[in-house]
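Peer 1: Let me see the structure of the following:
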Amino acid sequence: MNSRTTIDSARAATAAASAPGRGHPALERRDWIAGLEKGLAIIEAFDDQHPRLTASQAGARCSLTRTAARRYLLTLAHLGYVGTDGKLFWLMPRIMRLGHAYLESARLPRQVQPFLQRIVGGTQEIAYLAVLDGEDAVYIARGGSPRHMFEGYMLGTRVPAQVTAAGLAILSMLSEPSLNEWLLAHPLRAFTSFTVSSKDQLRAELKRCRRQGWVLSEQQLELNHRGIAVPLLDRNNDVHGAISVTMPINQESSEDAVKRVLPVLQEAARGLRNLI
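Peer 2: So this is what the prediction gives:
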């Protein structure tokens, strides 16, 4: 994920984060620590397309000078979060502590985990909890049998929300202003010939999903794969994420898959409503 870290863009990001539906408190200028924001941006500059970067490349991806980027990278290397050969820099396993700290401390994954295992028992499919982060659905809990250990999405996997059942379930429950803001900020990409990449078409699909209260997504990210999801709502009807299952399509029809899986998901969502 690209990072934009000039002071002006940082302030713009802060303003956007405090907009309705984002869940982030507004931040006073005196409380802003630009160095922390830039250091995190350097970390986010690395991705699957850019696993190793020079200081110049990292700086270009973060709107920093080479000198500034190099200082941040050397500090991260000193702390063990980044490795280097003197020219190139790359992330080290220690960086996983940041995500692990969330998984260990966050309340929502722990609350949902027993329900995911019930879904697995009732469907024999892998079950997930996902939340929305920017343009992506992020999988923060999963349940599965031992045979599922190396299948499906791993914890922390990020997938464009527009092509996942979980992401669509969350988007369908956003307020109209928040959805408009999301659609304006995030371009839609086509991954298969089945991907909904028109914003008007996606908006119509989300309205339909909101009315029925669940989502079926087929072959939008990968051919021969489907997902079924329901939004995770609290007693005030605020959306906190979505629970879902994914499966190969094989010989099972859409109708049969929904009939088999949806009631189990809905029962879990009802059970969680008063807990979150």
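Peer 1: for Ile276, what are its contacts?
Peer 2: 108, 111, 232, 234, 240 (C-beta atoms under 8 Å, 6 or more residues apart in numbering). Using the backbone N, CA and C atoms, a C-beta is placed for each residue, glycine as well.
Peer 1: isn't the third one right next to Asp238, touching?
Peer 2: No - the pair Leu232 / Asp238 is not scored as a contact, 9.8 Å apart, by C-beta atoms under 8 Å.
Peer 1: pLDDT at the residue lying farthest from the centre of the chain, what is it?
Peer 2: When distances are taken from the C-alpha mean of the chain, Gly86 lies farthest, 33.4 Å away, according to C-alpha atoms, centre = their mean. Listed pLDDT for Gly86 reads 93.
Peer 1: And for Met149?
Peer 2: Note on Met149: pLDDT of 65.
Peer 1: Equivalent analysis for His100, please.
Peer 2: So, for His100, pLDDT stands at 83.
Peer 1: try Pro93
Peer 2: 94.
Peer 1: phi, psi of it?
Peer 2: Taking degrees, to the nearest 10, you get phi -60, psi -30 for the backbone angles of Pro93.
Peer 1: just Met247 next, same as before
Peer 2: Here Met247 shows phi and psi, under degrees, to the nearest 10, equal to phi -160, psi 160.
Peer 1: and if you look at Tyr72?
Peer 2: The phi/psi pair for Tyr72 (degrees, to the nearest 10) reads phi -60, psi -40.
Peer 1: Quick one: neighbours of it, just the number.
Peer 2: Residues near Tyr72, counting by other C-beta atoms under 10 Å, number 25.
Peer 1: How about it: what's its closest non-neighbour residue?
Peer 2: Among residues not flanking Tyr72 along the chain, Ile42 sits closest, at 4.7 Å (C-beta to C-beta, 6 or more residues apart in numbering).
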